[in-house]
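# No sequence on hand, only this structure:
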């Protein structure tokens, strides 16, 4: 789980009844349980954690709608036609769980440059950009020709 996910989980757990929280934590691997316990303690030290406010806070309205990712061969072909910076943004916005698949298909220098570029990107893409890139990637007619505009 990434850092944002851990913080969200900690907030949700902090808002639970102590017995429910303990039950949930007992079922996690010790590494996650220890980290979450620390984060829950931080949240609770700030004061009462209101469950209804946590629910509103955790509703993820900043993420773009889910867009079907094309099959790997089409994804690879589309990304190969993009400069590294745009391929990284496209992956981060529209296919974050396909990053390793794409990197495995790349020549080592391109994969290294993509990894470096991905590290520089913010953890959350601006909603409008992510949505636009997701829709572009899901468009079966793009890129119909090499050099086709984003």
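The structure has been received and is ready for your questions. Since this is a predicted model, take the numbers as computed values, not measurements. Numbers count the residues shown, from 1 in each chain.
# okay, the most centrally placed residue in the chain: pLDDT?
By CA atoms, centre = their mean, the chain has its centre lying nearest to residue 96, at 6.0 Å. At residue 96, the model reports a pLDDT of 83.
# Now do it against residue 13, distance only.
Distance, residue 96 to residue 13, using CB to CB, to the nearest Å: 25 Å. Glycine gets a C-beta too; all of them are placed from N, C-alpha and C.
# hang on, the earlier thing: separation between the residue nearest to the centre of the chain and residue 5?
13 Å.
# Return every residue with contacts to both of the two.
Common contacts of residue 96 and residue 5 (CB atoms under 8 Å, 6 or more residues apart in numbering): none found.
# out of everything not next to it in sequence, what's closest to residue 130?
Counting by CB to CB, 6 or more residues apart in numbering, residue 93 is the residue found nearest to residue 130 once chain neighbours are left out, at 4.0 Å.
# The one you found: how many residues sit nearby?
23 (other CB atoms under 10 Å).
# That one sits in which helix or strand?
Assigned by DSSP states H and E, residue 93 falls within helix 84-94.
# which stretches of this protein have low pLDDT?
1, 56-57, 59-68, 140, 142-150 (pLDDT under 70).
# Could you chop it up by domain?
Domains of the chain are assigned by automatic domain parsing as 3-58, 72-138.
# Comparing the ones you listed, which comes out most buried?
domain 72-138 (a mean of 16; mean count of other CB atoms under 10 Å).
# Which helix or which strand is home to the residue sitting furthest away from the middle of the chain?
Distance from the C-alpha centroid of the chain, by CA atoms, centre = their mean, peaks at residue 19 (30.7 Å). Following DSSP H and E, one finds residue 19 within helix 18-26.
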